[in-house]
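J.: My questions concern the predicted model and sequence given below.
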Amino acid sequence: MENRGYACNTKVGSAMDVDHCQQKEEEEEQEDPFLKFVDYARSELLSLEGDRNKDDDGSDGLGWSWIVSRILKTCIAYSSGVTPAILLSELSQAWSEQRWVGAPKKPLELINHLKKNHRRTKLPNTVTIDSIYAKNFLSLNSVLEAVIIDAFVLPGDYWSSNIIDVYLHRRFYDLTGLQNGILKRGREIFLTGCYLRTATGGSGHPRLLPTEYLVILLDENQDDDAMLLGAQFCSDPFSSISLDAVNRGASYSLYARIEKIESSEIHRKFETLQRKQITLVDGDGVKLKFFLWGEQILLANLFRVGSMLALDKPYVNISVDCDTETSEDLCLEYGSETQLYLVPYIQHEEQVCVTLTPNRRHGSRPLGSFNSSQDLKFSQVSLPRDSQGTIDFSNYPFRSFVVDLRIKMTGISLYGAVTDIIKEENNQQTVFSLRIADTSGEIWTKLHFARFWSLGRVSFGHTVYISGLTCTMSKQKCLEVLWFENDIGASFINLSCLPALINSSCLHKLSRLTDIFYQTSYAQVCRVWLDPSEYFYVNTIFSHSLCGHFVNKISDRWVECSFCRTISDAAVVRTFHLKITLADKDTGTKVLAWCTGQTAMDLLQISPEEFYELPEDEQVMYPSSLENERFMVALVNCKRDGCVIDGLSPDDSISWEITRACKCE
């Protein structure tokens with residue numbers, strides 16, 4: 001692979017030699033503008049509720065990680081930038097649905113009764129009927145947790161003031177008998193894969209079109225449901241399944257616990273087929289795989305690990321990759337006659353000794369810190385604890401810090417800077433170890449990916465937000481923090497590379513170049529001029545399309561990625577390796593920084609392919625066209641422990657990476 005680079009000699013300004021050590025304590029005390037807005041948004045949401053401390057008596061409060069996730073999702077959706085009004089509006093709407101504020105003053109008696117016994121955790125992608133009416137829209141993977149209030153009418157999920165009609169799919173007709181049908185008044189169901197028929201003109205109200213992705217909920221504490229389970233589903237263990245009997249027309253009714261839900265892709269000659277693999281364990285401990293194919297994977301939205309699944313007439317197939325513990329390589333599939341029943345997993349909650357008082361020495365600000373007249377109440381918070389004693393911190397009201405981590409904590413979110421990344425070798429899975437630092441300390445986290453690295457470019461100094469972390473004890477009796485890509489609630493967002501960051505004044509503080517040396521723990525946004533006459537180097541080089549890091553060719557088909565190790569040469573793209581001087585003309589400060597990928601394209605205002613095709617004399621002259629160009633840039637301190645990555649050696653003395661750039665008009 002041919003690389004072509006051009007450079008001019010440099011005399012970088014004396015500001016590069018600023019001693020950071022004396023400012024270390026000040027640096028940690030400086031407040032991240034993004035975190036400041038998160039605290040502000042939380043106080044605003046609670047003030048709208050009329051009681052700033054409404055959540056002090058339980059687990060229904062505004063979780064810090066929930067607010068951060070919603071803000072970042074909105075930033076991703078509005079890549080051109082967001083305002084406080086946009087963010088607060090999105091948060092308010094989402095929180096209204098979360099808190100069920102649309103519930104009627106006099107709800108249906110049936111729904112009111114069921115709410116008292118409603119103990120299960122809401123499934124991901126759950127939407128309310130109120131929200132369907134408000135938005136007049138329903139995505140295909142949305143989940144409805146509903147209760148039947150009349151034949152063929154689905155209403156009242158527990159938190160809506162509206163009801164909605166659904167046309168029943170023909171595969172459920174046999175379950176709707178007026179006397180003995182299971183789909184009758186009071187029966188709870190889960191729905192997904194629903195299409196919305198909106199009301200037009202004067203034609204009435206919205207309806208849901210038939211969906212075959214419906215699961216009927218059973219309650220083992222109800223006599224009728226317990227009898228159904230005992231009579232129909234408990235007589236066929238997995239070991240009794242025989243392919244010969246199936247071929248003779250036999251059918252089975254099976255009952256098992258959901259142990260694992262995994263996603264995969266099957267590559268065929270002309271298509272790629274999506275697949276969900278649900279591992280089931282019966283009462284004898286025998287495991288069997290239940291496969292969902294194509295559009296059927298929507299059904300997995302309704303499942304949760306730990307729930308009990310009853311399968312009536314599943315399709316029995318033979319599969320070489322089933323890896324079952326039966327005498328035959330059998331697996332189950334969702335057939336045309338299959339009916340599914342679910343006994344949902346109930347998370348038992350108990351009062352745990354987790355205080356609502358934030359630890360001030362870690363930099364966390366208490367609720368109401370924007371209004372000193374408000375007195376903060378302190379109490380314990382109720383968080384879910386499972387039978388193994390693991391506590392789910394996903395709804396914890398305050399930010400979690402590295403120093404707070406203990407074993408048997410799950411649903412943890414961390415916000416901090418990346419100080420190291422290593423790909424683990426000799427592992428059948430794709431696992432990266434990432435070291436993240438916040439104001440309280442550093443910790444290594446193990447990132448487990450379904451197939452390969454899928455988080456885009458992440459490098460030293462980048463500020464990241466990770467949710468869905470679990471703390472366990474390693475074999476070496478050390479605290480181990482794990483993250484699994486497909487786990488519920490797992491997300492990874494690189495704030496330093498978000499396009500919305502430099503376009504959203506509420507999420508950053510505009511700094512001068514002279515200021516950036518006093519705060520290096522998060523991205524600094526500056527207005528700068530390009531000064532290529534001071535120093536300019538550009539090289540058209542190849543990078544890995546998935547991770548954005550540079551590669552070197554090692555054979556005709558394989559290349560060595562500095563980040564992911566050996567990869568196929570089909571996964572590389574041409575990119576820039578740019579080093580350039582940034583200047584603040586008001587103060588005379590100059591900083592040498594580097595960048596790659598889309599950021600380099602934004603600064604150079606040309607694609608790598610177009611630049612590569614230019615004649616050599618035009619490439620040499622190209623820097624002159626950038627003289628005095630004005631940009632907004634996001635800068636991160638990319639130098640850690642005397643080392644930098646991506647082909648830059650320590651003697652380059654480049655401490656700053658440009659992670660985003662936007663041309664000033």
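T.: Happy to help now that I have it. Numbering: from 1, shown residues only.
J.: quick one, what contacts residue 502?
T.: Residues in contact with residue 502 (Cβ atoms under 8 Å, 6 or more residues apart in numbering) are 508, 525, 632-634, 660-662. For every residue, glycine as well, the C-beta is placed using N, CA and C.
J.: pull the helix or strand with minimum mean pLDDT from the protein.
T.: When the helices and strands of the chain are compared on mean pLDDT, DSSP states H and E, helix 24-29 comes out lowest with a mean of 43.
J.: Who are the packing partners of whichever helix or strand comes after it?
T.: The element immediately downstream of helix 24-29 (helix or strand, assigned by DSSP states H and E) is helix 33-48. When contacts are defined as 3 or more Cβ pairs under 8 Å, 6 or more residues apart in numbering; DSSP states H and E, helix 33-48 sits against helix 64-77, helix 84-99.
J.: List of residues touching the last one?
T.: Going back to what we said before, that points to helix 84-99. So helix 84-99 is in contact with 37, 41, 44-45, 48-49, 60, 62, 66-67, 70-71, 74, 78, 102, 127-128, 130-131, 159, 506, going by Cβ under 8 Å, 6+ apart.
J.: could you flag which of the residues you listed are buried?
T.: Neighbour-count burial (16 or more other Cβ atoms under 10 Å) applied to the contacts of helix 84-99 gives 37, 41, 45, 62, 66-67, 70-71, 74, 78, 102, 127-128, 130-131, 159, 506.
J.: Centroid-nearest residue for this structure?
T.: Centrality entry for the chain: nearest residue to the mean C-alpha point is residue 491, 2.3 Å, by Cα atoms, centre = their mean.
J.: Give me the pLDDT for that one.
T.: Residue 491 is assigned a predicted lDDT (pLDDT) of 92.
J.: who's it bridged to?
T.: Taking DSSP bridges, one obtains residue 467 as the residues bridged to residue 491.
J.: That one: what's it in contact with?
T.: Taking Cβ under 8 Å, 6+ apart, one finds 69, 465-468 in contact with residue 491.
J.: Would you mind giving the domain segments of the protein?
T.: The record assigns the chain these domain ranges, following the TED database: 129-217, 223-343, 384-497, 509-663.
J.: mind listing the helices for the stretch 151-300 of the chain?
T.: 223-228, 243-247 (DSSP state H, counting those that start in this stretch).
J.: ok, so what distance separates the residue nearest to the centre of the chain from residue 548?
T.: The gap separating residue 491 from residue 548 is 19 Å, by Cβ to Cβ, to the nearest Å.
J.: go on, residue 582?
T.: Using Cβ to Cβ, residue 582 is found at 21 Å from residue 548.
J.: just residue 529 next, same as before
T.: Between residue 529 and residue 548 the computed distance is 26 Å (Cβ to Cβ).
J.: Of these two, give the one with the bigger neighbour count.
T.: Remark: of residue 529 and residue 548, residue 548 carries more neighbours, 22 against 18, as counted by other Cβ atoms under 10 Å.
J.: Return the backbone torsion pair for the more buried one.
T.: Backbone torsions of residue 548, given as degrees, to the nearest 10, read phi 80, psi 10.
J.: Hmm, residue 453 and it touching each other?
T.: No: counting by Cβ atoms under 8 Å, residue 548 stays clear of residue 453, with 9.9 Å between them.
J.: Name the residues contacting each of those two.
T.: Between them, residue 548 and residue 453 share no contacting residue, judged by Cβ under 8 Å, 6+ apart.
J.: ok, so of the contacts of residue 491, who is nearest residue 458?
T.: Residue 458 has its nearest neighbour among the contacts of residue 491 in residue 466, at 10.7 Å by Cβ to Cβ.
J.: how close does residue 212 get to residue 450?
T.: Distance of residue 212 to residue 450, computed by Cβ to Cβ: 27 Å.
J.: scratch that, residue 494
T.: Separation of residue 494 from residue 450 (Cβ to Cβ): 19 Å.
J.: between these two, which one's more packed in?
T.: Shown here are residue 494 and residue 450; by other Cβ under 10 Å, residue 494 has more neighbours (20 against 14).
J.: any idea how far the closest residue to residue 455 other than its chain neighbours lies from residue 464?
T.: Distance criterion Cβ to Cβ, 6 or more residues apart in numbering; nearest residue to residue 455, sequence neighbours excluded, is residue 492 at 5.1 Å. When distance is defined by Cβ to Cβ, residue 492 is 7 Å away from residue 464.
J.: Repeat that for residue 659.
T.: Taken as Cβ to Cβ, the span from residue 659 to residue 464 is 12 Å.
J.: Need the overlap of contacts for the two.
T.: Counting by Cβ under 8 Å, 6+ apart, the residues touching both residue 659 and residue 464 are residue 496.
J.: Looking at the two, which has the bigger crowd around it?
T.: A count of neighbours by other Cβ under 10 Å puts residue 659 above the other of residue 659 and residue 464, at 29 against 19.
J.: Would you mind confirming that residue 280 is in contact with residue 303?
T.: No: between residue 280 and residue 303 there is no contact under Cβ under 8 Å: 10.3 Å.
J.: which residues do those two both contact?
T.: Counting by Cβ under 8 Å, 6+ apart, the common neighbours of residue 280 and residue 303 are 258, 309.
J.: Select, out of the helices of the stretch 151-300 of the chain, the one closest to residue 445.
T.: So among the helices of the stretch 151-300 of the chain, helix 223-228 is nearest, using Cβ to Cβ, at 41.8 Å.
J.: From the chain's centroid, how far away is that closest one?
T.: How far helix 223-228 lies from its chain's middle: 39 Å, per Cα atoms, centre = their mean, to the nearest Å.
J.: tell me which residues of it are tucked away?
T.: Neighbour-count burial for helix 223-228, counted by 16+ other Cβ under 10 Å, picks out 225, 228.
J.: Show me what that helix is packed against.
T.: Here helix 223-228 touches no other helix or strand, going by 3+ Cβ pairs under 8 Å, 6+ apart.
J.: If you count neighbours, what's buried in stretch 544-564?
T.: Residues 544, 546-551, 559, 561, 563-564 are the ones in stretch 544-564 that count as buried (16+ other Cβ under 10 Å).
J.: cool, and stretch 585-604?
T.: 589-604.
J.: Now do the contacts for residue 45.
T.: Listed by Cβ under 8 Å, 6+ apart, the contact set of residue 45 reads 62, 67, 88, 91-92, 95.
J.: Okay, it and residue 74: tell me how far apart.
T.: 14 Å.
J.: try residue 508
T.: Residue 508 is 15 Å from residue 74, by Cβ to Cβ.
J.: what are the ranges of the helices in the stretch 501-650 of the chain?
T.: Using DSSP H, counting those that start in this stretch, helices in the stretch 501-650 of the chain cover 597-604, 608-613, 616-621.
J.: looking at these, which is closest to residue 196?
T.: Here helix 597-604 is closest among those (Cβ to Cβ), at 36.4 Å.
J.: what helices or strands is the closest one leaning on?
T.: Where contact means 3+ Cβ pairs under 8 Å, 6+ apart, helix 597-604 is packed against strand 536-544, strand 572-584, strand 656-663.
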